[in-house]
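[1] Give me a 3D structure for the following:
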Amino acid sequence: MILDWQTIWLFGIASFALAVTPGPDMILVAARSAAQGQTAGLVTQFGISAGSIIHAVILALGLSQLFLAVPYAYDLVRYLGAAYLLYLAWQAFTSSESASAKTAARKQLSLRVIFRQGLITNLLNPKVALFYLALFPQFLAPEKGYVGIQILLLAIIFVAIDLVVHAVVIWLAGSARSLSRNKWAFAKWSRYFLGLVFGGLAAKLVFDGQK
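    Sure thing, here's the model as predicted:
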């Protein structure tokens, strides 16, 4: 067996503890759900999860160590991520939404855009790569071989637990939107909050970027 049950159990506990700890991803999916509904929040989470799997592949290939070996690479990705988040913040503040005026095709396109935003936001955060680099090796057993497969299996466990925990957050935030008496005003201020979240994440990348 590539991963023994004790390793899976301990890693699952660690992953759950990390998932329930409020962080940028949780705040982002909550804000998206409040602003655009549970479907949008879930699609954002799918994008984040896809980014996490890609980070795991990068770790398995040994490329995550590039950020430690070449600080300029870390800073470049960090600033690109901050710039992208500021762009998303600007979009959130300047967008207007009219559900009755949207066609089904437009809604599908919006979901694709939302997925892409979650994916790129995750990929352009070098701290995720360093987090994987710090956490995963503690649960690897190189003597068993197939280290790359072990990393991918751990990533799947982490993403699955993170998805379940955030699904609860998405449901709660989306329910608050659904129960709001003035849905238009709630959506408007939720979009502003989403813009603040994007701006805050950008500031965190810039000012809290020391490894």
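
[2] quick one: which helix or strand includes Ile8?
    In this assignment (DSSP states H and E), Ile8 forms part of helix 5-20.

[3] for that helix, packing partners?
    On a contact count with 3 or more CB pairs under 8 Å, 6 or more residues apart in numbering; DSSP states H and E, helix 5-20 meets helix 147-179. No exception for glycine: its C-beta is placed from N, CA and C like everyone else's.

[4] for the following helix or strand past the helix it packs on, which positions count as buried?
    Toward the C-terminus, helix 147-179 is succeeded by helix 183-207 as the next helix or strand (DSSP H and E). For helix 183-207, the neighbour count (16 or more other CB atoms under 10 Å) marks 186-187, 190-191, 193-195, 197-202, 205 as buried.

[5] before we move on, back to that, tell me what angle the helix holding Ile8 forms with helix 147-179.
    Using axes from the mean of the first three to the mean of the last three CA atoms, to 10 degrees, one finds that helix 5-20 and helix 147-179 are set 30 degrees apart in direction.

[6] Averaged pLDDT, whichever helix or strand comes after helix 5-20. What do you get?
    Proceeding N to C from helix 5-20, the next assigned helix or strand is helix 24-36, under DSSP H and E. Mean per-residue pLDDT for helix 24-36: 88.

[7] Kindly calculate the angle that helix 24-36 makes with helix 5-20.
    50 degrees.
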